[in-house]
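A.B. asks: no sequence on this one, just coordinates:
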């Protein structure tokens with residue numbers, strides 16, 4: 001079997017709040033409890049397993065490849081919730097989206113400061 005990413009653990013100050021933030025914005029099914037984790041599964045079978053911690057949380061980056069229609073829906077929810085968003089990972093272009101590789105992309109922060117991103121074309125795929 002080729003190597004595949006199966007899951008990653010996402011540290012959060014409140015796993016319910018953080019997992020629901022992701023599922024609500026991306027339009028995903030409700031998270032599922034598995035032991036101490038709240039599991040959010042995406043279409044390619046990879047899951048983000050949220051766990052609550054009282055330790056300091058190091059910012060991570062999670063990027064999601066979406067269709068053009070999904071981008072419109074998700075970006076609409078980002079704007080509806082009046083979330084700060086940026087066209088770049090360094091948050092230097094506020095309120096904008098990018099058009100890298102002929103697609104569209106946008107970044108926003110989850111409740112714990114993780115840098116979330118949606119893109120419609122994989123980086124490096126060309127314009």
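C.D. replies: Great, that's in hand. Since this is a predicted model, take the numbers as computed values, not measurements.
A.B. asks: which phi and psi does residue 16 have?
C.D. replies: phi -60, psi -50 (degrees, to the nearest 10).
A.B. asks: what's the spacing between it and residue 113?
C.D. replies: 17 Å (CB to CB, to the nearest Å). (Each C-beta comes from the backbone N, C-alpha and C, glycine too.)
A.B. asks: What count of nearby residues applies to the closest residue to residue 67 other than its chain neighbours?
C.D. replies: Spatial nearest neighbour of residue 67, chain neighbours left out: residue 120 (6.8 Å); criterion: CB to CB, 6 or more residues apart in numbering. Residues near residue 120, counting by other CB atoms under 10 Å, number 21.
A.B. asks: Surely residue 120 touches residue 100?
C.D. replies: No - counting by CB atoms under 8 Å, residue 120 sits too far from residue 100 to count as a contact (9.5 Å).
A.B. asks: all strands of this protein, in order?
C.D. replies: 7-12, 32-34, 37-41, 47-52, 61-65, 85-86, 105-109, 115-119 (DSSP state E).
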